[in-house]
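Trainee: Dropping the sequence and predicted coords here.
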Amino acid sequence: MEIINLGATNSILNQFVAELRDVTIQTDSLRFRRNIERIGEILSYEISKHIAYQKKTIQTPLGNADMMVPNSRVVISTILRAGLPFHQGFLNYFDHAENAFVSAYRKYKDRLNFDIHIEYIASPRLKDKILIITDPMLATGSSMELAFQALLTKGEPEHIHVASIIASKQAINYIKECMPADKTTVWVAAIDDQLDEHSYIVPGLGDAGDLAFGIKE
Ligand SMILES: O=P(O)(O)OC[C@H]1O[C@H](OP(=O)(O)OP(=O)(O)O)[C@H](O)[C@@H]1O
Ligand SMILES: O=c1cc[nH]c(=O)[nH]1
Ligand SMILES: [Mg+2]
């Protein structure tokens, strides 16, 4: 399984991730959502280099131009709710893609222990398509695993791109075990070392869903 950490190379991407993390900037929820969206745009550009293309002759006002254009059937899928602005970033570039949505939330049994619950899925057929699963945070990796299992009920994709912003080392190791190694590529903007006792990424950025959309009760 290929793990690609785009944050390891200096680029403007790292400015956007820095602003997501920064306690003095992340309270501006409009900027927070827009930074997630911008990172989605950058990741989709990078992923677009890894899909299939075909030659198409385009008629211009002055002649014909042979262009290589994508011919892959791409499905962008997102784990609600923090994934929504990230999804929009992908859709800004993969504007011909189909779309899928899965809900996942942590249902706490007590202060520290929780199960992930999937209650909603809306997805096209996925058989032989390129599936991009987007979620800005990979903490334990459980939401990604369960969302992927739910999406598999819609057919076996040809290739899976897991796209995230901040992943923990633990989640990367978990995903290596629970996703098909021969046809999954993981794209992240940062990999952090630790999880705290609530399974939040440290240093991470806090609760992405709450920062984007407000605290839930
Ligand atoms: O890797 P995991 O340990 O499963 O944690 C990561 C999940 O946590 C966040 O969602 P959250 O459950 O906070 O829901 P929200 O988007 O509604 O805030 C995030 O968007 C992931 O889906
Ligand atoms: O660090 C984390 C872990 C789960 N969900 C988040 O939004 N942040
Ligand atoms: Mg959350």
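Mentor: That came through fine. Numbers count the residues shown, from 1 in each chain. Ligands and ions are numbered 1, 2, ... in the order given.
Trainee: If I look at S72, what pLDDT would I see?
Mentor: Listed pLDDT for S72 reads 86.
Trainee: which residue sits closest to it in space, ignoring its chain neighbours?
Mentor: Leaving aside its sequence neighbours, S72 sits nearest to I51 (Cβ to Cβ, 6 or more residues apart in numbering; 4.1 Å). Yep, even glycine has a C-beta here, placed from its N, CA and C like the rest.
Trainee: Show me which helix runs longest in the protein.
Mentor: Scanning the chain for the longest helix, with DSSP state H as the assignment, gives helix 29-47.
Trainee: And it, what's buried?
Mentor: For helix 29-47, a neighbour-count test (16 or more other Cβ atoms under 10 Å) marks 32-44, 47 as buried.
Trainee: same check, this time on stretch 167-176
Mentor: Using 16+ other Cβ under 10 Å, the residues of stretch 167-176 that count as buried are 167-168, 170-172, 174-175.
Trainee: That stretch close to ligand 1?
Mentor: Yes: Stretch 167-176 lies within reach of ligand 1 by Cβ under 6 Å from any ligand atom, at A171.
Trainee: repeat for stretch 153-162
Mentor: No: residues of stretch 153-162 contacting ligand 1 under Cβ under 6 Å from any ligand atom: none, with a closest distance of 11.2 Å.
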